[in-house]
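> coords below, sequence missing:
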């Protein structure tokens, strides 16, 4: 990741036109951002009116519930990313073309718990948990690769000092999300409540349960495989010193 960031900075510097004496120290811009990557803060350094680089930090957490194959999960969407971006302004104005990379730590963590009051449809059967040792399903989804490229365009963060608004539109090439589901506790099949088993045990019922859980994970993974690109829309308010 460090080598990639250094390459972006070096490339922008190498191709930046030579600035006039009065443009040698245009100043740093600081911006507050909000968008599909979450809330963020950004530092912007302009080499001249055509080229600048930006370092961006984004974060956001949202709690919600969702249904997946008959199971209701309570989960957290956690957005975390750090980006290094290079802007080219072909008309020496506010319009920009952007390329760069993000350290991507966007993920979803969710859990479903049954102590006998909730039934989970897992494969061909319905399961419930024990009141003394509840059945817990923990689902985790890493939303893409750890390092993701970015291409986009936008307006704003002008070269002149003072306040400015910005709008960025682009695509994060995050890659497919990766899903996992883990189970713990004691469970029983709803159609056979007299046979309870430890889901991590060696019984035939436990092995069948784990096979069904793996089938659920594959179904969830199949739903996520189509989402290899993450749309990026953000607005910002900044000030260049």
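Great, that's in hand. Remember, predicted model here, so these are calculated numbers, not experimental data. Numbers count the residues shown, from 1 in each chain.

> contacts and neighbour counts: CA atoms only from here.
OK.

> For stretch 223-235, measure first residue to last.
30 Å (C-alpha to C-alpha, to the nearest Å).

> same check, this time on stretch 90-109
42 Å.

> Would you indicate which residues of that stretch are buried?
93-109 (16 or more other C-alpha atoms under 10 Å).

> Show me the residues you listed that map onto helices.
Members of the buried residues of stretch 90-109 lying in helices (criterion: DSSP state H): none.

> Which ones among those map onto strands?
95-104, 107-109 (DSSP state E).

> what helix or strand is residue 206 on?
Residue 206 belongs to helix 204-224 when assigned by DSSP states H and E.

> which of the residues in that helix are buried?
So helix 204-224, judged by 16+ other C-alpha under 10 Å, has buried residues 205, 206, 209, 210, 212, 213, 214, 216, 217, 220, 221, 224.

> surely the fourth one meets residue 201?
No - under the criterion of C-alpha atoms under 8 Å, residue 210 makes no contact with residue 201, lying 9.9 Å away.

> on that earlier part again, and the ones in strands among the buried residues of stretch 90-109 as TSV, adding pLDDT?
TSV is the format used below for those (pLDDT from 0 to 100):
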residue	pLDDT
95	95
96	96
97	98
98	98
99	98
100	98
101	98
102	98
103	97
104	96
107	95
108	93
109	95
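
> Tabulate the residues you listed (TSV), appending distance to residue 77.
Listed next are these as TSV, based on distance: C-alpha to C-alpha, whole Å:
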residue	distance to residue 77
95	32
96	31
97	30
98	27
99	26
100	24
101	21
102	18
103	17
104	14
107	6
108	5
109	7
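
> Please name every helix or strand in contact with the helix holding residue 206.
Based on contacts counted as 3 or more C-alpha pairs under 8 Å, 6 or more residues apart in numbering; DSSP states H and E, the elements that helix 204-224 packs against are strand 120-122, strand 178-184, strand 192-198.
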